[in-house]
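Participant: Sharing a sequence plus its predicted fold:
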Amino acid sequence: MRDEARWDGKIVPFLGIESPAGTVLTFSPTVFPNGEQLDPLQIEDELGTSDAYVTLPALFGHPDMHFGRGVFRYLGEFVDLPAVGEWCEADDPRLPDWLRPFNGGVLVCWAEDGSYAAGVGLKQHNELGSEISVGTHPAYRGKGLAQALVAQSARMVWENGGIPMYLHGTHNAASARVAEKAGFPDRGWNIIEMG
């Protein structure tokens, strides 16, 4: 285990992936110097509890850290939806602030008046993996823009030799619907993180 930087250059103290077949965890020895001494079975047991957000940080000696779990999806099939967006620079002044940090590209659907309606940012984790994040202005929700942008960006990532991924909170039903409609099925995988 070694300290790894995320797509945004920040160190990931604790990261893992869960699937129906098992769990893989990695943690920073700099942040958690006693992590190697922890019992893996105890960690696995804590991951299965509803209060893991409290017990895992305490187990690793950092009760002040945030532990979270999100649904991890990867492309199942291409969905034939219209291309509604255009790629633009992340420093375009018309973009909302949340789209500015993305390092893998920004795809935007503009409203008729030229303002922001919906957008996708790509987090390029490495040369293969690109995570798709999407957001729609409240006035344009329910029009299918989010799933069309996600499908359009997934196709571009794939055509450029990458693997499109989609993550969302476990209780984010709207994001789950977008993912399903854009070709990202829920296979029972989760990403887990602490920091």
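Facilitator: Received it, and whenever you're ready, just let me know what you need.

Participant: where exactly do the strands run in this structure?
Facilitator: Under the criterion DSSP state E, strands of the chain are mapped to 4-5, 11-12, 14-19, 22-27, 67-74, 86-88, 106-110, 116-124, 129-136, 163-169, 190-194.

Participant: Dump those to CSV, plus distance to Asp51 and mean neighbour count.
Facilitator: C-beta here means a position set from N, CA and C on the backbone, and glycine is covered the same way. Listed next are the strands of the chain as CSV, based on distance: least, C-beta to C-beta, whole Å; neighbours: other C-beta atoms under 10 Å:
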stretch, distance to Asp51, mean neighbour count
strand 4-5, 27, 10
strand 11-12, 23, 14
strand 14-19, 17, 16
strand 22-27, 17, 14
strand 67-74, 10, 19
strand 86-88, 43, 13
strand 106-110, 38, 21
strand 116-124, 29, 22
strand 129-136, 28, 21
strand 163-169, 17, 20
strand 190-194, 14, 19
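
Participant: Turn the ones you listed into JSON lines, including distance to Thr55 and mean pLDDT.
Facilitator: Listed next are those as JSON lines, based on distance: least, C-beta to C-beta, whole Å; pLDDT from 0 to 100:
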{"stretch": "strand 4-5", "distance to Thr55": "24", "mean pLDDT": "59"}
{"stretch": "strand 11-12", "distance to Thr55": "20", "mean pLDDT": "70"}
{"stretch": "strand 14-19", "distance to Thr55": "13", "mean pLDDT": "90"}
{"stretch": "strand 22-27", "distance to Thr55": "15", "mean pLDDT": "90"}
{"stretch": "strand 67-74", "distance to Thr55": "9", "mean pLDDT": "94"}
{"stretch": "strand 86-88", "distance to Thr55": "43", "mean pLDDT": "96"}
{"stretch": "strand 106-110", "distance to Thr55": "38", "mean pLDDT": "98"}
{"stretch": "strand 116-124", "distance to Thr55": "29", "mean pLDDT": "95"}
{"stretch": "strand 129-136", "distance to Thr55": "27", "mean pLDDT": "95"}
{"stretch": "strand 163-169", "distance to Thr55": "20", "mean pLDDT": "95"}
{"stretch": "strand 190-194", "distance to Thr55": "11", "mean pLDDT": "93"}
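
Participant: Export those as JSON lines, with columns for distance to Gly48.
Facilitator: Below are the strands of the chain laid out as JSON lines (distance: least, C-beta to C-beta, whole Å):
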{"stretch": "strand 4-5", "distance to Gly48": "25"}
{"stretch": "strand 11-12", "distance to Gly48": "22"}
{"stretch": "strand 14-19", "distance to Gly48": "10"}
{"stretch": "strand 22-27", "distance to Gly48": "10"}
{"stretch": "strand 67-74", "distance to Gly48": "11"}
{"stretch": "strand 86-88", "distance to Gly48": "42"}
{"stretch": "strand 106-110", "distance to Gly48": "38"}
{"stretch": "strand 116-124", "distance to Gly48": "28"}
{"stretch": "strand 129-136", "distance to Gly48": "26"}
{"stretch": "strand 163-169", "distance to Gly48": "19"}
{"stretch": "strand 190-194", "distance to Gly48": "12"}
